[in-house]
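Novice: Prediction below, plus the sequence it came from.
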Amino acid sequence: MIGPIRERSIQLTGALERMLQKSKYFVPVDQVMGRYTNPDVGDPGFTIITPKDPSQRGAQLSLLFFPTGTMRKIFQGLCNYGMIGDERDPDVIRLSPAPLYNILEDCERAALYLEEAFNTMDKSQDKIDV
């Protein structure tokens, strides 16, 4: 029974990863080092720090957010949408589609809610700067 559950987990996590990579806020991990050397400045964004190879990861994806402080705002935004994630200070949120409970549409909503949380954060920052 564990084989089909693991296969479903790989499918859902892979789908979520592909959806997140389409975000306008996504930065490939090999391009992050320059942006993250000073994590207190720069445009908001995220990368996925979990290994790409499904055999080297479980069901979760670890998302690294920048600049510092972005993760807290995004995590609150995701909570407002009813998403359950795992925050890891200072800058990581872990998302994990559960193969026994989640479906592909849940992954689509997660990617959409992440994008909306960023968009809302951008708008609120614009208001502060005016």
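Specialist: Looks like it came in fine. Numbers count the residues shown, from 1 in each chain.

Novice: Give the burial count for the closest residue to Glu87 other than its chain neighbours, as a bare number.
Specialist: Distances taken as C-beta to C-beta, 6 or more residues apart in numbering place Phe75 nearest to Glu87, at 5.0 Å, with adjacent residues excluded. From N, CA and C alone the C-beta is placed, and that goes for glycine too. Neighbour count for Phe75, taken as other C-beta atoms under 10 Å: 18.

Novice: and if you look at Phe26?
Specialist: Counted with other C-beta under 10 Å, residues neighbouring Phe26 total 19.

Novice: list the contacts for it?
Specialist: Taking C-beta atoms under 8 Å, 6 or more residues apart in numbering as the criterion, Phe26 is in contact with 20, 45-48.

Novice: ok, 10 Å please
Specialist: By C-beta atoms under 10 Å, 6 or more residues apart in numbering, Phe26 lies in contact with 19-20, 45-48, 63, 111, 114-115, 118.

Novice: Tell me the predicted confidence for Arg57.
Specialist: Reported pLDDT at Arg57 in the predicted model: 91.

Novice: And the strands in the protein?
Specialist: Applying DSSP state E to the chain gives strands spanning 45-48, 61-66, 86-88, 92-95.
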